[in-house]
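>>> sharing a model prediction with you, sequence too.
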2 protein chains.
Amino acid sequence: IVQRDGRALKELLSEIHFADIADLLEELNSEEATYVIKLLESDITSDTLMELDEDVREKILDRLSPKEIAQELVEMDSDDAADVIAELDEEVQEQVIEEIQDEELAADLVELSQYDDKSAGGLMARELVKVKETWTIAGCVREMRRQAKNVTRVHSIYVTDKEGHLTGRLSLKDLLTAPDKAHISDIFIPKVDYVTVETDGEDVAKLMQKYDLEAIPVVDEEGMLVGRITIDDMVDFIKEEAERDYQLAAGISEDVEADDSVLLLTRARLPWLVLGLIGGLAAVFIMQDFEAALDRYAILFFYTPLIAAMAGNVGVQSSAIIVQGLANDVVKGSLFSRFVKELSLSLINGISLALLVVAFNQIIGQPVNVSLAIGVSLIAVIIMASIIGTFVPILLDKRGVDPAIATGPFITTSNDIFGILIYFYISKLILHF
Amino acid sequence: IVQRDGRALKELLSEIHFADIADLLEELNSEEATYVIKLLESDITSDTLMELDEDVREKILDRLSPKEIAQELVEMDSDDAADVIAELDEEVQEQVIEEIQDEELAADLVELSQYDDKSAGGLMARELVKVKETWTIAGCVREMRRQAKNVTRVHSIYVTDKEGHLTGRLSLKDLLTAPDKAHISDIFIPKVDYVTVETDGEDVAKLMQKYDLEAIPVVDEEGMLVGRITIDDMVDFIKEEAERDYQLAAGISEDVEADDSVLLLTRARLPWLVLGLIGGLAAVFIMQDFEAALDRYAILFFYTPLIAAMAGNVGVQSSAIIVQGLANDVVKGSLFSRFVKELSLSLINGISLALLVVAFNQIIGQPVNVSLAIGVSLIAVIIMASIIGTFVPILLDKRGVDPAIATGPFITTSNDIFGILIYFYISKLILHF
């Protein structure tokens, strides 16, 4: 690369899969990477570009002219091309779309870029194989050959009526085994799952997983077939959603990766730490309030990290279970029965842990009433933490807010504060200070 | 159902998708569910059985005879059938396999059940469409029609040599457009990604995602084509892996759902809470050691929940990022450069948070040297926590241990203990108590 031996490099790279070229480009600086992209054929580079990390791709696109970008877009699937366009500055977007010769494609891209990223419209691709009910098998095969040129992989063949409304699907197997003179209307399957352009990505994912679909057709408000979503696009979506829930639980607010810059990582992490800090400072306030007990019951203060940790851990456990349950639609039954369940669960956990603490206290020679105070408050704190951990996500979900934001720092911090408050009030009641 | 009106019920259910029937069955008791299963055609029930939760399925299978189970298995894809067999008692397993008339299938199932659940061998299905290099296009289409009967969905067509060694794949598009008299060897693509039966499921998932594959062929040690894995099977696998990492981070050790029994949930949660308890008790010990400072610097003890929370939060953040990075193979560069990065990241976070704490301390009227002690230790604790959070998962990964177990309670607990230790030692140095 350093010597710019174009021909040798081109030969070398032509043997390599585009996903590996993408890995390679990420190691280079953007000038070198752009040089390589310009060197290669655009059917390889368009695939390579899609494999790149968003920020690397952005840098390379900055160095390409609108015309060069347009050439790449033409080679992409329409859903990928729309994603790339959405990443560009608005001014560049217009220039690029003007450079696209294929007017149908340009119109498709403008349309696709209007949908929300996370809706079925934003996830779908325009390319699909569609046949009309009235066609004969022979005509259909001919037409399919033509359409298949634009579609990288044939998943399903969708059937529409004359006007283009989705009416069913065609099994490849049936097509292969049907007599040439039959009509599509004789052999097509009139039942087909579909989503509309407005459907939320998460619902698309659930539907495709539940019914084990590899592709699902997308219709507009009038029932016209406008695109399809394939399972491989959903794999990325499903994985990103699961990872985002995990990151939120760990207190990371933006989608960051281990290799992102220090600044980006700080921006994703610091706000949550500040939240935790506020919780800690609240605990300082609470303890100052109970300072009078310090002389006689210093041991109570030594237990505060344990109480806070237990409140936090129980809260995170409860919320993680309920957030995953909500995401997978397995949370059934009434709120009351769930309440009873969480109560019995936290009683079992609470009493077991309290017994351990009391035993430990006896060993280090603390008075019985102190052990009692700590044990009883521990049980109360665990009950409080698991109720908050369970019901805050449920309430958020009912109000249409993503429950995942409630896990991690929010739950931990509020449980820390409530936990220490409950702990000192119960101890005060039992020990009369 | 209560009235056992078989015919009406059958008619009713025949209109419903098997995934919805499965949902319905999960609401019934096992006697009723078994009644419904026996009532329906076995091509529907086998699909329905696969959609059921493992424990519901187990209860229903307990009520079926080996012969009835065998009838269901025959209708399933071989990978699903092998999973079901693995769930049965050993004695029943043998009886069921004896009842399977199709000897080839029985042999396949015995073979499949020998592979590890999480290896490519355990994930693959035997059903696939394979053609030999020497065939003509016309012969191939004929043969494919025959094979396609056993395969629910044709993903890819694999090409083998005469002996059955995998040599390439065939594009459906090329097949549709090639002249009838051509040979497969003229049009097949000799490059194909594959995995061996031993390949780890996670590696299969990475490969399929990286190269956007919908199906991947599996070969045995000699390179013979023995099965294929489809992306829809991997979706479940990828999702389960991501969810498991999340659960581990939240301190849940078994794969549980919100609707599992209280006992099961306790078993998954209590051990991690005990671990947290031990950390809390260690903190009690440490503070007892520094009890002498209580008279002059009681405020130090009020800050212990804050220090512990910060150590825990930073540790969980760092480990979550690195665990996801390792899972997605994006952790590159030397250990030293990562060390420098974590160090600068935690310095920025640490100094920002320390400044906030010092400001707060001034407001509540604490002496400057106490603020200094708390601020400096906070920075030190954050650095320690992010180094432990980053490098424990990396070291575990290098030793071949799943780094996800290091996130959550392990990191939180050890960071709590180390954090409070560092805090009191640094405070002692600065305040000379």
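Done, it's in.

>>> please make it C-alpha for all contacts and neighbour counts, starting now.
Noted.

>>> thought A:I229 was touching A:L213?
No - A:I229 is beyond contact range of A:L213, at 10.0 Å (criterion: C-alpha atoms under 8 Å).

>>> more crowded one of those two?
More neighbours surround A:I229 than the other of A:I229 and A:L213, with 28 against 16 (other C-alpha atoms under 10 Å in any protein chain shown).

>>> wasn't the more buried one part of a helix?
No - secondary structure assignment (DSSP: H, G, I helix; E, B strand; the rest coil) places A:I229 in strand, not in a helix.

>>> three-state assignment of the nearest residue to A:W272 once chain neighbours are set aside?
Excluding its sequence neighbours, the residue lying closest to A:W272 (C-alpha to C-alpha, 6 or more residues apart in numbering or on different chains) is A:G251, at 5.7 Å. Three-state call for A:G251 (three-state DSSP): coil.

>>> how close does A:G251 sit to A:A242?
14 Å (C-alpha to C-alpha, to the nearest Å).

>>> ditto for A:S46
From A:S46 over to A:A242 (counting by C-alpha to C-alpha), the distance is 28 Å.

>>> what about the stretch 1-150 of chain A, any weak spots by pLDDT?
For the stretch 1-150 of chain A, the stretches with pLDDT under 70 are A:1-7, A:147-150.

>>> give the burial count for the residue in the stretch 151-300 of chain A positioned nearest to chain B, as a bare number.
Residue nearest to chain B within the stretch 151-300 of chain A: A:G280 (4.0 Å; C-alpha to the nearest C-alpha). A:G280 is flanked by 26 other residues according to other C-alpha under 10 Å.

>>> same question for the one 10 residues further on.
Residue neighbour count, defined by other C-alpha under 10 Å, stands at 14 for A:F290.

>>> show the average pLDDT along the longest helix seen in chain A.
Scanning chain A for the helix with the most residues, using DSSP state H, yields helix A:368-398. For helix A:368-398, mean pLDDT rounds to 92.

>>> with stretch A:299-309 instead?
Mean predicted confidence for stretch A:299-309 is 92.

>>> may I have that stretch exported as CSV, CA atoms only?
The C-alpha coordinates for stretch A:299-309 follow below in CSV (Å, rounded to 0.1, in the frame of the first residue of the first chain):
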residue,chain,number,x,y,z
ILE,A,299,-21.1,-1.1,63.9
LEU,A,300,-24.3,0.0,62.2
PHE,A,301,-22.3,2.4,60.0
PHE,A,302,-19.8,-0.3,59.1
TYR,A,303,-22.7,-2.3,57.6
THR,A,304,-23.9,0.5,55.3
PRO,A,305,-21.9,-0.7,52.2
LEU,A,306,-23.4,-4.2,52.7
ILE,A,307,-26.9,-2.8,52.9
ALA,A,308,-26.4,-0.7,49.9
ALA,A,309,-24.8,-3.5,47.9
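
>>> list the contacts of that stretch.
A:287, A:294, A:370, A:374, A:378, A:381, A:415-417, A:419-420, A:423, B:276-277, B:279-281, B:283-284, B:287-288, B:301-302, B:304-305, B:308-309 (C-alpha atoms under 8 Å, 6 or more residues apart in numbering or on different chains).

>>> and if we set it to 6 Å?
Contacts to stretch A:299-309, defined as C-alpha atoms under 6 Å, 6 or more residues apart in numbering or on different chains, come from residues A:416, B:280, B:284, B:305.

>>> can you list those in TSV and add distance to B:I21?
Shown next, in TSV, are these (distance: C-alpha to C-alpha, whole Å):
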residue	distance to B:I21
A:D416	44
B:G280	48
B:V284	55
B:P305	51
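
>>> just the buried residues from those, in ChimeraX please.
Here is the ChimeraX selection string for the buried members of those, based on 16 or more other C-alpha atoms under 10 Å in any protein chain shown:
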select /A:416 /B:280,284,305
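
>>> A:G333: which of the contacts of stretch A:299-309 is nearest?
Nearest to A:G333 among those is A:D416, at 29.4 Å by C-alpha to C-alpha.

>>> list the contacts of the closest one.
A:A308.

>>> give me that answer again for 10 Å
A:D416 sits next to A:276, A:279-280, A:282-283, A:304-305, A:307-313, A:315, A:381, A:385, A:410, B:305-306, B:309 when contact means C-alpha atoms under 10 Å, 6 or more residues apart in numbering or on different chains.
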